[in-house]
Structures are given as C-alpha cells and as structure tokens.
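Novice: could you work out the structure for the sequence below:
(2 chains)
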Amino acid sequence: MRGRPGLITSYKADIALFRTGTQRFWLIVLLAVAMWLPLWISNDWLFPATIAMFAAIGAIGLNLVTGYAGQVSLGHAFFLGVGAYVGTALATPEGPGTRGLIAMGLDMVVWLPVAGLVAAVLGAIVAPVALRLRGLYLAFVTLGLVFLGEHVFRSWRELTGGTGIGRRAAELSLFGFRFDEDGEVFGIFMSDTQKLYFLGFGLLVVMALVAKNLARSRIGRAFSAIRDRDIAAEIMGIDLTRYKVIAFAISSFYAGIAGALLFTVTGFLEPNSFNLELSIFYVAMVLIGGVATISGSIMGAFFVTMLPRLIESASEYLPYDPVTGPLNTGQLEAILFGLLIIGFLILEPLGLYGIWIRIRNYWKAWPFSY
Amino acid sequence: MTQFLQATISGLSLAAIYALIAVGFVVIYKSTQVLSFAQPALVITGAYFVSYFAFSLGWNFWLGLGLAIFIAVALGLTVERTALRPMIGKPVFSVAILTIGLDIAIRTVINDLIGVDFRGVAAPWTGQWDWGDLLVLHSQVATVVITLILVAGVVMFFQYSRLGLAMRAAAFDQEVALAQGISVAVVFAVAWGMAGGLAAVAGMLIGTSFAGVSAGSAFVALKALPAIVVGGIDSLPGAIVGSLIVGLAEAYTATYQSGNFDFLGANFSQVTPWLVMFIVLLVRPYGLFGTKEVERV
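Specialist: Numbering: from 1, shown residues only, chains lettered A, B, ... in the order given. Reported below is the predicted structural model:
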C-alpha cells in the first residue's frame, strides 16, 4: 500500500477522483462494510441508515449548488417535495386506496428519472432569479419558495391528498421486482428495509461518483469560480446564466431523486413535511458535513439523520431521563441540533470533513506535531 | 366599502406588528451586518413571558410587559455576546445560518414552556368600538399606537442621541467609527438589546391581536422577513413601508380571496407576503429602499 505522495506533480494527479492508493483501499473497505452492515444491524438502526442514504443524495445536491457554486439555497425542501409528489403520482397504481388522487402506476425505471427531471426543470426556472439576486436576497427568495411550495402542496388535493390526510408513498417496483416487500434476493431472505437500504446504497454510490466527477470537470471549475468571485468569473469568460442554471438544475435533480425515495422508507407523505425545517436540515447536513465536499455531504447526512437514534442510545447512559424530565427526546434533539449548527459554524467551519483532515494530518506527521 | 375599511384596519394592525419586528431586524443588520433569523425566537420569548407574568401569575400587565422586555433584551445581549461575537468577519451566510440554529434551540425551549394551548396575555385592551357596520378592536388601535410611539422613539434615538449617532457612524463604516473612539462592542450590544425589546413588544401584540400566544406565534414573526426584503434589508424607512405593503396585502387577500379566487387555496393570505416579496425583488433586486451593492473585482 503506497502512502500519500509528498508532492503532487501533475494537474491530473491533483484532480484525480481518488488521489492515493490508501484512499482507494479504504473506500473499498468502507463499501464492503456498508454492503455487509444491513444483514447484521437491527432494524431500529437500519431504518435511519436507509433514510440517511437517500438524504445523502439530497445533501450532495444542495452542496453542489450552495457549496460548489456558492448560490445560497434555503429552498431545497421545495425540490424534495416536487420529486416526492411527482414520483408518487407516477408510481402509485390506480386502486381503491387512491381515492381520486393522481395515480399512473408506472415502473420505477420511468418515474424515478422523471421525478428528478421535473424537479430539475423547476430548478432551472428558479435559476434566472439567482442571476438578478445575490447572497442574502437569494436566500430570501428560496425561503419564499418553500412557503409558496408548501401552500401549493397543501392546496393541490389531487396530487398530495391535502393537509392531515396525505397519501401513501410510491410503490418501488423495478421491472416487477419489489423493493418495498419482503422477499428473497439471490437466495437470501431480505426484509423491505434491507432491500431499500441496498437500493439507496447503490444509488448513492453512483450519484456521489457522478457529483464528484462533475466537481472536477469544466462545470465544477466554473462553479468554484462563480462562488469565489462571480464578477471575476464572468470576466474570465464563464457564462454566468448558463452555469447558474446548470447548478440549480443539477441540484434540484438530486433533490428530486432523493425526495422521491426518502418517504418510501416510512411509506407515507404529508404535505406539511416539506417545510422550512426540512430545508434547514439539509443546510445543516452540508454545514456539519463540510461545504463543497462530496464525502462531507454524505457524512453530514448520516450524522443529521442518525442524530435522533444516537441521542436515544446515549440517553440510556445519561443521568437525564427524557421521559420524566421537562424536555422530551424530540425537543432535546431539536436543541442539540440547533447547538450543533452553532458549534460547527463557530468552531469548525469545515465541518466533519475538516475534523477528518485534521486527524489525518496529525497522524501523517506523527510523532511530530507540526 | 365597510369591508374595505375593515380589511384596511386589520391590515394596519398587522403591518404595525411586522414593523416592530422589521425595525429590530434592520437595526441589527445595519449595525452588525448580521441577518438575524433568530427574531422569531426573541418574539416568542417576549410573548411567553408577558403571558407568564400577566396571565399565569396575574401580576400587573405593564409590570409583566416590562419584565418580559427585560428578559428579551437580556436574551438578545447574551446571544450577541456568546454566539455572534466570535463570528465577526465570517461570511454573512454562515452567520445567518447560525442564527437559524439559535432560533431552533431557543424556540424549542420556549415552545415547551408554552405547551399546546393558546395562552392569554391579559392585556388591558379587550373591548371594541362599533361604528355602524365597522368594527374596530381596541387591540388593533393599541397595536398601531404602541408601534407608532416605539418607532418614533427609535427614529429619535438615531437622530438626536449621541449613541444613536455613534451607531449610525458604525453602520456607515465600522473601522472608521472605531478610529473615532466609538466602541463597536457597545453598538453591537445596543442593536441586539433594542431588537430584543422591540421583539418582546411585538410578541405581546401578536398575543393580543390573535387568539393568544402559541407555538405558532413564531410564524407570524417570520412573515416580517418578506416585509424587510420588500423595503430593502438595510433601510429603516424601507422596513416600515415594507411592513405596510405586506400587512395590507395580506389583509386584503384574506378579505377578498374567498369567493373570488378560491382556486388559490385556503389560507392563501398566509403566503401573500412571500408572493409580494417575489414580485418586488424581480423588479427591484435590492428592495424598494435598499442600498444597491457596488462590487469591485
């Protein structure tokens, strides 16, 4: 196993997908562990882990537009919602349970990309606003998008079922293979959650690789240039309109895919779920994980999604009992979540990725501390 | 006509509430360059403590209001000193997200204290005037009057007091202000304290104008955000004009939408502020009175 090169001698090596053999080795180990994990861990861990897989896809999307291209978006929940409802409406077969809701009964191979594409088109429509507005004003517009979207979701009964009623999430049927039912796969009996986990895992690996490749391509470099100084980027010949539209469209595509699958784990969609809070969750994933890093987005998504479960486990060892104390688990989680955002922003702006880099550098130079 | 006047009155009292929150927001933004999403938390903190002292404990209303303002000011100062001071010089967006974190943490605690029911605030104005068909609630008049007094006070403070002058100088250029011997730390503290106090009063007014204080009161406070953007986030007159536009638009939509524009969905008035904000921003990217950003490469 070769170590990290002391010197990167070519641009090709600098932008390589995985710079060192060590990285490749540990990636394979990580993938192997991730493959083996669902057959071993209990359902109450598998459940959030599966949601985290899908959430990570959404977080990567947000990181592409906010982290790489520097276009602040608080509107991710809207695009997640679009993906979720388009996917559900296309996937659900007409039946007694649909009660006049839009239901097409298409195969997953059709509705999943379409869910992403519809979200992407809406993202591309919003993008020109980002041309006129910068920074905080853009944040406000995307914030408004969440409120307007939420209103549309609540009012459009044929699509969403309406407030308080909602509808069942999409059926996951790929060429007749059901991801949302227990059954045998290659002779191994798997529960629906385990199958979903593998679906999320496979999609995440593919979409993360695509995003990482995108980030080191011409488009990715254009994104970084726009983030660092949009006027300078324009002078260098980067077409701002084009790249901002691309950034929003790709980000929304990821959000659409993530949204379409996110709620299949719990099996239920409610229009009020796509609120500001959901957007903030994704912003927190990006911030806690690490801005403008793909691995960071994944770490952040896992951290934020698994947080409730972690708190639940931790509370067994704490003197504080959420059942009898003044604050219940959910509230404790919300407070901790708020404090984590504050803590990471003040103490470690690079997020979990930054912590990892520091640990790595410490051991790289060990036993010397410099 | 009566319907129109009725809508205008409720619009004005809504606008007054938004204006109080918006002024606090703009003061913070101008003096500290922080976009504070934590205003809803300050509002609901003030609202809860007014309710706690005046309603639950049955103390004198004005005493309760005074104590609630004190607590909200203290909270504003604490937030500024502990969470925002270390963030000076960091990107504006990071700081804005940090205030969202603050908002979540504070609001969770206060929501737990409020509980699930609406809480009264025991305000001394509970009656109403009937002028023909026109119905004017005392609380609506009180809201507008209190806001006018407070906003006039804030304007006077900035125009005529020494500290107000110092704050205007710091907003103009922090480093030059420092060089003139102005303590920017004091400016920051005063801005947050002032915003906290205004938010507390706004919270109390939300409690009297709506059915009472609840966890949902924070969403009313959130609608002050489009008001600020409509006016331009760094303009005090803008905050007031923006609040008027947004408040009236919301009230007119609430009155005229049902029956005429039913396809827009129930409670469309709740999202009108955001829609108004969209339209204004598309025409004027820096709001009606906002300073246009000049960027150098």
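Novice: what residues does the stretch 251-370 of chain A have near chain B?
Specialist: Within the stretch 251-370 of chain A, the positions near chain B by C-beta under 8 Å from any C-beta of the partner chain are A:276, A:280, A:283-284, A:287, A:326-327, A:331, A:334-335, A:337-342, A:345-346, A:349. In short, each C-beta sits where N, CA and C put it, glycine included.
Novice: any of the residues you listed buried? List them.
Specialist: A:276, A:280, A:283-284, A:287, A:331, A:334-335, A:337-338, A:340-342, A:345-346 (16 or more other C-beta atoms under 10 Å in any protein chain shown).
Novice: residue contacts, A:A124?
Specialist: By C-beta atoms under 8 Å, 6 or more residues apart in numbering or on different chains, A:A124 lies in contact with A:V245, A:F248, A:A249, A:S252.
Novice: may I ask which of those has the most neighbours?
Specialist: A:S252 (35 neighbours; other C-beta atoms under 10 Å in any protein chain shown).
Novice: okay, it: pLDDT?
Specialist: On the pLDDT scale, A:S252 is placed at 94.
Novice: pretty sure it sits in a helix.
Specialist: Yes. The assignment for A:S252 (DSSP: H, G, I helix; E, B strand; the rest coil) places it in a helix.
Novice: quick check: the closest residue to it other than its chain neighbours vs A:I250, distance?
Specialist: Distances taken as C-beta to C-beta, 6 or more residues apart in numbering or on different chains place A:G123 nearest to A:S252, at 2.8 Å, with adjacent residues excluded. According to C-beta to C-beta, to the nearest Å, A:G123 stands 8 Å off from A:I250.
Novice: which of the two has more residues huddled nearby?
Specialist: A:G123 (28 against 25).
Novice: OK, contacts around the more buried one?
Specialist: A:F79, A:F248, A:A249, A:I250, A:S251, A:S252, A:F253, A:A255.
Novice: isn't A:R19 right up against A:A13?
Specialist: Yes. Using C-beta atoms under 8 Å, A:R19 is in contact with A:A13, at 6.8 Å.
Novice: so where's chain B uncertain?
Specialist: Low-confidence segments of chain B, defined by pLDDT under 70: B:262, B:295-297.
Novice: pull the longest helix from it.
Specialist: Longest helix in chain B, counting residues (DSSP state H): helix B:2-32.
Novice: and that helix, what other elements does it pack with?
Specialist: When contacts are defined as 3 or more C-beta pairs under 8 Å, 6 or more residues apart in numbering or on different chains; DSSP states H and E, helix B:2-32 packs onto helix B:39-50, strand B:134-137, helix B:138-160, helix B:162-172, helix B:184-209, helix B:224-231, helix B:236-260.
Novice: interface residues of the stretch 101-250 of chain B facing chain A?
Specialist: B:101-106, B:108-109, B:111-112, B:222, B:225-226, B:229, B:233.
Novice: contacting residues around the residue in the stretch 101-250 of chain A that chain B sits nearest to?
Specialist: For the stretch 101-250 of chain A, the residue closest to chain B is A:S155, as judged by C-beta to the nearest C-beta, at 2.8 Å. By C-beta under 8 Å, 6+ apart, A:S155 lies in contact with A:G162, B:L264, B:G265, B:A266, B:F268.
Novice: again, 7 Å this time
Specialist: Taking C-beta atoms under 7 Å, 6 or more residues apart in numbering or on different chains, we find A:S155 in contact with B:G265, B:A266.
Novice: what's the pLDDT at it?
Specialist: In this model, A:S155 carries a pLDDT of 84.
Novice: next one: it from A:T163, what distance?
Specialist: Distance, A:S155 to A:T163, by C-beta to C-beta: 9 Å.
Novice: then B:G153?
Specialist: Taking C-beta to C-beta, one finds B:G153 at 41 Å from A:T163.
Novice: likewise for A:D228?
Specialist: 43 Å.
Novice: neighbour count winner among those two?
Specialist: A:T163 (16 against 10).
Novice: hmm, A:P271 and that one touching each other?
Specialist: Yes. Between A:T163 and A:P271 there is a contact under C-beta atoms under 7 Å: 5.8 Å.
Novice: list the residues that contact both of those two?
Specialist: A:R154.
Novice: wait, B:Q257 sits on B:A266?
Specialist: No. Applying C-beta under 7 Å as the test, B:Q257 and B:A266 come out as separate, 9.2 Å apart.
Novice: pLDDT check: weakest of the buried ones among the residues of the stretch 251-370 of chain A next to chain B?
Specialist: Minimum pLDDT across those falls on A:Q331, with 81.
Novice: excluding its backbone neighbours, what's nearest that residue?
Specialist: That would be B:T108: by C-beta to C-beta, 6+ apart, it lies 5.1 Å from A:Q331.
Novice: so where does that neighbour fall, helix or strand?
Specialist: Per DSSP states H and E, B:T108 falls inside helix B:92-114.
Novice: helix B:39-50 and that helix, what's the angle between them?
Specialist: Helix B:92-114 and helix B:39-50 are oriented at 20 degrees to each other (axes from the mean of the first three to the mean of the last three C-alpha atoms, to 10 degrees).
Novice: contacting residues around the very next helix or strand once past helix B:92-114?
Specialist: Next in sequence after helix B:92-114, counting helices and strands by DSSP H and E, comes strand B:128-131. For strand B:128-131, contacts defined as C-beta under 7 Å, 6+ apart pick out B:L135, B:V136, B:L137, B:H138.
Novice: out of those residues, which are buried?
Specialist: B:V136, B:L137.
Novice: out of the contacts of strand B:128-131, the closest to chain A would be?
Specialist: Closest to chain A, out of all of the contacts of strand B:128-131 and judged by C-beta to the nearest C-beta, is B:L137, at 27.2 Å.
Novice: partner residues bridging the closest one?
Specialist: Under DSSP bridges, the beta-bridge partners of B:L137 are B:Q128.
Novice: how near is it to B:V50?
Specialist: 18 Å.
Novice: go on, A:D14?
Specialist: A:D14 is 60 Å from B:V50, by C-beta to C-beta.
Novice: neighbour count winner among the two?
Specialist: Taking neighbours as other C-beta under 10 Å, A:D14 and B:V50 compare with B:V50 leading, 32 against 10.
Novice: which ones are touching B:A266?
Specialist: By C-beta under 7 Å, 6+ apart, the neighbours of B:A266 are A:S155.
Novice: now do the SS call for it.
Specialist: coil.
Novice: do the same with A:L106
Specialist: Per three-state DSSP, A:L106 ends up coil.
Novice: swap in A:I8?
Specialist: coil.
Novice: A:D14 is in contact with that one, correct?
Specialist: Yes. Contact criterion C-beta under 7 Å: A:I8 and A:D14 qualify, at 4.9 Å.
Novice: remind me which residues of the stretch 1-150 of chain A are low pLDDT?
Specialist: A:1-6, A:96-100, A:134.
Novice: for chain B, what are the nearby residues on it?
Specialist: Contact residues (C-beta under 7 Å from any C-beta of the partner chain) of the stretch 1-150 of chain A with chain B: A:V72, A:R132, A:L133, A:G135, A:L136, A:Y137, A:A139, A:F140, A:V141, A:G144, A:F147, A:L148.
Novice: fine by me, we can end here.
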